[in-house]
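>>> Sequence plus the predicted model coming up.
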Amino acid sequence: MASPVWGDLPHLNALDKIPRPFLIGVAGGTASGKSTVCSKIMEQLGQTSLLENNRMVTIISQDSFYRDLTLEEHKRATKGEYNFDHPDAFDTELMLKTLLDVKAGKRVELPAYDYVAHKRSPTSTAIIHCSDVVLFEGILVFYFPEIRDLFNMRLFVDTDPDIRLSRRVLRDIEERGRELDQILSQYVQLVKPAFEEFCLPTKKYADVIIPRGADNVVAIDLIVQHIQELLRPNRTSRRSRNNSDSIVERPH
Ligand SMILES: Nc1ncnc2c1ncn2[C@@H]1O[C@H](COP(=O)(O)OP(=O)(O)O)[C@@H](O)[C@H]1O
Ligand SMILES: O=c1ccn([C@@H]2O[C@H](COP(=O)(O)O)[C@@H](O)[C@H]2O)c(=O)[nH]1
């Protein structure tokens, strides 16, 4: 049953024992298009038209697991001098516990991350219900072995660094309230070196590398087809057959 497109995916061999939720890790450098790729996968699985509570595909961002900063760290963060791209910036324990809960089908509550305040927002939480597919995206989702091993499929979004930087500049000015000189100095001093040291070496763990991110419609189509194949409705879902059927339908 293994598809030639997917090559050798040892952890996907027992296709008759597909775990639910099916946990997909999506790694890649900053502004590579991880969130956009996840949204496209969700859209093509016919999920965006459904009410949030009825969706069988969920996206979780690793950014929800940035650890709380001390006063001194927060001061540095406001000047673009705190290293948010280092593995130590994350609350690994909470990240692991949450993913284990998600895998166990438990309902989890996640605070959204506030990039302006540099902290988790207590007023904006997402409730993760048990889903058929959970996409977990972030710069270092393959860095921590205990977390990496939880994924049933691993994707790496591989976008040219110049394109990533230009997108990050626009995004950080428009959405994250940053000044150009601070974005550039943070990028050169912290983001780029950490990408090379911690993120890029994790590309080797990917089952599928997606060059050009969301522009790569062929790769996204193939990934979606593969997920649909794995989650055929004759497999048992945590929810009703009616709900899980929506996953195998094409959007049009
Ligand atoms: N293929 C694309 N073409 C144009 N802009 C894109 C594309 N993919 C992502 N972007 C934009 O680049 C920025 C970063 O994308 P995002 O998906 O949030 O990346 P990441 O999750 O890796 O940080 C966003 O403003 C997004 O709208
Ligand atoms: O308070 C913060 C938290 C994070 N960052 C930067 O965000 C990116 C990770 O998010 P992507 O969506 O993958 O780009 C990371 O490179 C951090 O440097 C921040 O600037 N401030």
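In hand now; what should we look at? Residues are numbered from 1 along each chain as shown. Ligands and ions are numbered 1, 2, ... in the order given.
>>> A strand includes residue 143, no?
No: read with DSSP: H, G, I helix; E, B strand; the rest coil, residue 143 is coil and lies in no strand.
>>> isn't it right up against residue 200?
No: shown here, residue 143 and residue 200 do not form a contact pair, counting by C-beta atoms under 8 Å, at 10.8 Å. Backbone N, C-alpha and C define where each C-beta goes, glycine included.
>>> who's more crowded, those two?
Neighbours of residue 143 and residue 200, each counted by other C-beta atoms under 10 Å, are more numerous for residue 143; the result is 19 against 16.
>>> show me what contacts that one?
Taking C-beta atoms under 8 Å, 6 or more residues apart in numbering as the contact definition, residue 143 lies against 87, 198-199, 202.
>>> quick one: which of the residues you listed is most hemmed in?
For those, the largest number of neighbours (other C-beta under 10 Å) sits with residue 199, at 24 neighbours.
>>> quick one, helices of the stretch 51-200 of the chain?
71-78, 92-103, 145-148, 161-174, 180-186, 192-194 (DSSP state H, counting those that start in this stretch).
>>> Redo the ones you listed as a markdown table? Include distance to ligand 2, mean neighbour count and mean pLDDT.
Shown next, in a markdown table, are those (distance: least, C-beta to the nearest ligand atom, whole Å; neighbours: other C-beta atoms under 10 Å; pLDDT from 0 to 100):
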| stretch | distance to ligand 2 | mean neighbour count | mean pLDDT |
| --- | --- | --- | --- |
| helix 71-78 | 6 | 13 | 97 |
| helix 92-103 | 14 | 17 | 94 |
| helix 145-148 | 16 | 15 | 98 |
| helix 161-174 | 6 | 16 | 98 |
| helix 180-186 | 6 | 15 | 97 |
| helix 192-194 | 8 | 17 | 98 |
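>>> quick revisit: show me which of the contacts of residue 143 is closest to residue 184.
The shortest approach to residue 184 among these belongs to residue 199, at 19.1 Å (C-beta to C-beta).
>>> Isn't the closest one up against residue 138?
No: taking C-beta under 8 Å as the definition, residue 199 is not a contact partner of residue 138, at 9.5 Å.
>>> Can you pull the residues that touch both of these two?
Taking C-beta under 8 Å, 6+ apart as the contact criterion, the residues that touch both residue 199 and residue 138 are residue 27.
>>> How far does the longest strand along the chain sit from its chain's centre?
For the chain, the longest strand by residue count, based on DSSP state E, is strand 119-128. Taking C-alpha atoms, centre = their mean, to the nearest Å, one finds strand 119-128 lying 17 Å from the centre of the chain it belongs to.
>>> Now it: buried residues?
Judged by neighbour count (16 or more other C-beta atoms under 10 Å), strand 119-128 contains these buried residues: 119-120, 128.
>>> Contacts for that strand, please.
With C-beta under 8 Å, 6+ apart as the contact definition, strand 119-128 has outside contacts at 58, 60, 64, 66, 68-69, 74, 102, 107-114, 134.
>>> Show the end-to-end separation of stretch 192-206, please.
From its first residue to its last, stretch 192-206 covers 20 Å (C-alpha to C-alpha, to the nearest Å).
>>> The closest residue to residue 28 other than its chain neighbours and residue 105: what is the separation?
Spatial nearest neighbour of residue 28, excluding adjacent residues (C-beta to C-beta, 6 or more residues apart in numbering): residue 157 at 3.3 Å. Using C-beta to C-beta, to the nearest Å, we find residue 157 at a distance of 27 Å from residue 105.
>>> which one of those two has more residues nearby?
When neighbours are counted by other C-beta under 10 Å, residue 157 comes out ahead of the other of residue 157 and residue 105, with 29 against 12.
>>> Now for the residue lying closest to residue 121 once chain neighbours are set aside: which residues touch it?
Spatial nearest neighbour of residue 121, chain neighbours left out: residue 114 (4.2 Å); criterion: C-beta to C-beta, 6+ apart. Contacts were defined as C-beta under 8 Å, 6+ apart; by that measure residue 114 touches 120-121, 124.
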